[in-house]
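>>> Build me a model from this:
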Amino acid sequence: MRPSYAAPVATPTLVVVSGPGGSGKTTLAHALARAIACPVVSRDEIKEGMVAATPGYVPAADDPLARATYRLFFDTVALLLGGGVTVVAEAGFQHHRWAPELQPLLATARLKVVRCVVADEVARRRALARMGTDPARAAHADAGWFSGPRPFTPLQLEVPTLDVGTADGWDPALDDVVAFCRRP
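Alright, predicted model coming up:
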């Protein structure tokens, strides 16, 4: 049972920013959170913080630290929503893995899904460039993920969903994405 920190006056919104690696979801999530004035909960940032406390960690797909990150991510989102906090949650959110975890949150929040969309080659190029310049990416098994074709199944939930092209800026523009997220 999760503790209750506040009796929310209104139902908070959970904005899920999803997409494959290199699609621009972290950049968009932080811009949205600034515009909406709410926190971002980022799965990758949580994992990077856990890796910082785990000397000698070597990333592998679905290893114990990755699984702990996944659980902590959803616990953090649920805790904030339970306290009446609107949240932008950012992660890959492939349908088969993430949809079952999002369903229970519908009881506490209005869910909006923002899916970042970009050509596979653009995402791959961005991700490879990021791996070469961002030391925090060592926390993730990116090299294996981007070495070949990357299957990605986007979220398909019966909730308001907006696809945002991220090849060159945002299409629709950030103000329109914010308006979508703020709609009741």
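>>> Now do the strands in this structure.
13-18, 40-42, 87-90, 110-117, 161-165 (DSSP state E).
>>> nearest to Ala123, of those strands?
strand 110-117 (8.8 Å; CB to CB). In short, each C-beta sits where N, CA and C put it, glycine included.
>>> ok, which stretches of this structure are helices?
25-36, 43-52, 64-82, 95-102, 120-133, 142-145, 174-182 (DSSP state H).
>>> Comparing these, which yields the minimum mean pLDDT?
Lowest mean pLDDT of those: helix 142-145, a mean of 55.
>>> Save the helices of the chain as CSV, and put in distance to Pro154 and mean neighbour count too.
Shown next, in CSV, are the helices of the chain (distance: least, CB to CB, whole Å; neighbours: other CB atoms under 10 Å):
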stretch, distance to Pro154, mean neighbour count
helix 25-36, 11, 20
helix 43-52, 16, 18
helix 64-82, 18, 17
helix 95-102, 6, 15
helix 120-133, 13, 15
helix 142-145, 16, 15
helix 174-182, 16, 16
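>>> Columns distance to Ala89 on top of those, output as JSON lines?
JSON lines is the format used below for those (distance: least, CB to CB, whole Å):
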{"stretch": "helix 25-36", "distance to Ala89": "8"}
{"stretch": "helix 43-52", "distance to Ala89": "8"}
{"stretch": "helix 64-82", "distance to Ala89": "5"}
{"stretch": "helix 95-102", "distance to Ala89": "9"}
{"stretch": "helix 120-133", "distance to Ala89": "20"}
{"stretch": "helix 142-145", "distance to Ala89": "20"}
{"stretch": "helix 174-182", "distance to Ala89": "12"}
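>>> Let me know which of those is the nearest to Asp163.
Using CB to CB, the nearest of these to Asp163 is helix 174-182, at 10.4 Å.
>>> Would you mind pulling the contact partners of the closest one?
For helix 174-182, the external contacting residues (CB atoms under 8 Å, 6 or more residues apart in numbering) are 13, 15, 28, 31-32, 35-36, 112, 114, 160, 162, 164, 170, 172.
>>> go again using 6 Å as the cut-off
With CB atoms under 6 Å, 6 or more residues apart in numbering as the test, helix 174-182 has contacts from Val15, Ala31, Ala35, Lys112, Leu162, Val164.
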